[in-house]
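Student: got a sequence here, can you model it:
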Amino acid sequence: MRIQHSFVSATVLILTLCVSVLFNACSTASRSKEVNRTRAITQFVPYSVHFRRTPTKGADPYAGPGGNDYVAEKLPDARFDCEPLQSLFKDIDLDGVRKCLASISNQVDVLYRLSRDPAPAFTLDENESVPECLKKGLKEIPVPREIFFETVEESRPVCYAGRLNIEEDELFWVKLPIARKALRLSFPLDAPPNSDAETVLLLFSWAITPFWNDTPRSIPSVFVPDAVCDACLGSKNRLDPSAPPPRLWPY
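Tutor: The predicted structure follows:
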């Protein structure tokens, strides 16, 4: 009986290893192209950023005809469902949030937890230490699925896109809610925003926390052709190649 039990255990172990190797091989093959075309972007132009936050997964432009990823669940519009950065926070009272952030003088850490589906967002983890004005005015921080932006390389503007990694907290396609990313904010702020533009930029800096890699501090991004960038950002919002290079963000 011991010999039979050992044989069964060894067989199970071998089968498990085979499945693991096969899964890793398939995963590696499917993502090799994406890794090869990814750039680590450390700074970009903030005021022309556009985003996508559709509740359904879009089509993969690198998929072949007939595949599940060849057609989006909902076809995008002529601008690829891109929206200007300000629209991400259209449901937030910017003036109220600005006053709230400036009024928090006590030392307190506030935690937001990331939910990725259907539309990603940071949701406030409420407890007795959370300031009331945050509970009322900033219970949720919308998070984009994708961001489109310009940066400067060799003195010329280049367009890129970064996206939220929706598979990062998954194992064998099963979501692991315990592994959700969190946004921890420490108050009081060193420099509270003084205008709507500064408030939008601050909220945006919090919203794209999941996009950043820590080492090096960068956003994994893919190159976007000019035709797609024009459609998404709008040609009037793009950098003028003949103008002096703009100040890039984060400053």
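Student: tell me the domain ranges of this structure?
Tutor: 1-36, 37-237 (automatic domain parsing).
Student: in terms of mean pLDDT, which of the ones you listed ranks lowest?
Tutor: Per-stretch mean pLDDT for the domains of the chain is lowest at domain 1-36 (a mean of 43).
Student: can you give me the helices for the stretch 101-250 of the chain?
Tutor: Using DSSP state H, counting those that start in this stretch, the helices found in the stretch 101-250 of the chain span residues 132-137, 196-207, 226-233.
Student: make CSV from these and add distance to A161 to it.
Tutor: For the C-beta atoms, the positions are set from N, CA and C on the backbone; glycine is no exception. As requested, the helices of the stretch 101-250 of the chain are exported to CSV (distance: least, CB to CB, whole Å):
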stretch, distance to A161
helix 132-137, 31
helix 196-207, 16
helix 226-233, 8
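Student: F89 is nearest to which of those?
Tutor: Closest approach to F89 among the helices of the stretch 101-250 of the chain (CB to CB): helix 196-207, 5.4 Å.
Student: what's that closest one packed up against?
Tutor: Counting contacts by 3 or more CB pairs under 8 Å, 6 or more residues apart in numbering; DSSP states H and E, helix 196-207 packs against helix 94-103, strand 140-142.
Student: most packed of these?
Tutor: Ranked by mean neighbour count, these are led by strand 140-142 with a mean of 18 (mean count of other CB atoms under 10 Å).
Student: and the contacts of it?
Tutor: Outside strand 140-142, the residues that touch it by CB atoms under 8 Å, 6 or more residues apart in numbering are 53, 88-89, 91, 112, 119-124, 183, 203, 206-207.
Student: pick the one among those closest to V222.
Tutor: When the contacts of strand 140-142 are compared against V222 (criterion: CB to CB), the nearest one is R53, at 18.1 Å.
Student: now do the buried residues in stretch 229-239.
Tutor: 229-233, 237-239 (16 or more other CB atoms under 10 Å).
Student: which pair of those residues spans the longest distance?
Tutor: Based on CB to CB, the longest span within these runs between A231 and L239 and measures 16.1 Å.
Student: show me where the stretch 151-251 of the chain has strands.
Tutor: Ranges of strands in the stretch 151-251 of the chain, per DSSP state E, counting those that start in this stretch, are 156-163, 170-171, 174-175, 182-187, 219-223.
Student: take these and write them to CSV, including distance to R98.
Tutor: As requested, the strands of the stretch 151-251 of the chain are exported to CSV (distance: least, CB to CB, whole Å):
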stretch, distance to R98
strand 156-163, 27
strand 170-171, 37
strand 174-175, 35
strand 182-187, 14
strand 219-223, 26
